[in-house]
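Asker: After the sequence you'll find the predicted model.
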Amino acid sequence: MPSMQRIPLSFEFFPPKTPEGADKLRLVRQQLYGLKPEFCSVTFGAGGSTQEGTFNTVRDILAEGVSAASHFSCVGATKDTVRAQLATLRSMGVRRLVALRGDLPSGYGAGGEFHYASDLVAFIRAETGDDFHLEVAAYPEVHPQAKSPASDLQAFAAKVQAGANSAITQYFYNSDAYFRFLEESEKLGITVPVVPGIMPITSSTQLMRFSDACGAEIPRWIRLRLQSYGDDVASIKAFGLEVVTDLCEQLRAGGAPALHFYTMNQSAPTLALCDNLGLGI
Ligand code: FAD
């Protein structure tokens, strides 16, 4: 079989909360850098709650000689705060952002001068021209607050029209949803790369909790299998590795432009997946 061209990879981290967490993440990054990611991204707590941790982690990645993307959410933000944050990021040498609306934790008032991520993308383009490569979020299984699948697709198109260069999807375990999303986007004239977000499966409860919150569907057959393993972590991991490897194979065979891994600040699950995919170190 002719060898396939190596698919580009990117890795997502969240800012660690403690010095021990920062040390652990440093090690995790070194382990993952062997896979030669195009970039590593760092999440950003809505309302700016993790700004310092996000920017510090981004700084560390850049200092390690790797391209870094800062996530950037606008809910609750003002034009002035966004302008100031953009100036900081630019002075740090950041050239890639993941521009998001974000979700405010309950208890925060909505407020702010931005309603949707498309407003943020338009503002960043107006303020900084082409200084940043802008990624936006895409939802093959439809964002949980969307009025309809069609309006969610329109919202995605609005982000691209406002100036997004590429997109990363919410995670999913059904490749058909991704390929259908691509087809529908293309019908709207969207040609930017839409990179699937890959969530390794390592724990049953954690996955269920996340997925309920973000609207990602866990197919019934996966849910039932995971539940049947109970506390048998080794079986959960082995099954999860098999399922997600298959998913990545389908995505790669179907022409996905890259793979973006939600690492959850762990190296082993992403390393095992990439090894299975023949992308190992
Ligand atoms: P938007 O694109 O603004 O969409 C939000 C909702 O509004 C959707 O339901 C959409 O259909 C609807 N909508 C948009 N425009 C309109 C309009 N004009 N009229 C009516 N309805 C409209 N969250 C964080 O807090 N920090 C992170 O670092 C983070 N990283 C993420 C990374 C990725 C790759 C993904 C997929 C998600 C991430 N999230 C993060 C979660 C994200 O913030 C939430 O999913 C949030 O609810 C939506 O953000 P968005 O940028 O997709 O919003």
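Answerer: Sure, I can see it.

Asker: Any idea how many residues pack against the residue in the stretch 151-281 of the chain that the ligand sits nearest to?
Answerer: Closest residue of the stretch 151-281 of the chain to the ligand, Cβ to the nearest ligand atom: Ala155 (3.3 Å). The C-beta positions use only the backbone N, C-alpha and C, and glycine is treated the same way. Residues lying near Ala155 (other Cβ atoms under 10 Å) number 21.

Asker: any idea whether it is helix, strand or coil?
Answerer: Under DSSP: H, G, I helix; E, B strand; the rest coil, the three-state class of Ala155 is helix.

Asker: Report the separation between it and Ala162.
Answerer: Using Cβ to Cβ, to the nearest Å, Ala155 is found at 11 Å from Ala162.

Asker: what touches both of those two?
Answerer: Each of Ser118 lies in contact with both Ala155 and Ala162 under the rule Cβ atoms under 8 Å, 6 or more residues apart in numbering.

Asker: How far away from the center of its chain is stretch 149-161?
Answerer: 18 Å (Cα atoms, centre = their mean, to the nearest Å).

Asker: Which positions in that stretch come out as buried?
Answerer: 152-153, 155-160 (16 or more other Cβ atoms under 10 Å).

Asker: Next, the contact list for the residue of the stretch 151-281 of the chain closest to the ligand, please.
Answerer: Taking Cβ under 8 Å, 6+ apart, one finds 116, 118, 143, 146 in contact with Ala155.

Asker: Make JSON lines from the residues you listed and add distance to Glu12 and secondary structure to it.
Answerer: Below are the contacts of Ala155 laid out as JSON lines (distance: Cβ to Cβ, whole Å; DSSP: H, G, I helix; E, B strand; the rest coil):
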{"residue": "Tyr116", "distance to Glu12": "22", "secondary structure": "coil"}
{"residue": "Ser118", "distance to Glu12": "22", "secondary structure": "helix"}
{"residue": "His143", "distance to Glu12": "18", "secondary structure": "coil"}
{"residue": "Ala146", "distance to Glu12": "23", "secondary structure": "coil"}
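
Asker: The residues you listed also near the ligand: which ones?
Answerer: Counting by Cβ under 6 Å from any ligand atom, the subset of those that neighbours the ligand consists of 116, 118, 143, 146.

Asker: Having no further points to raise, I will conclude here.
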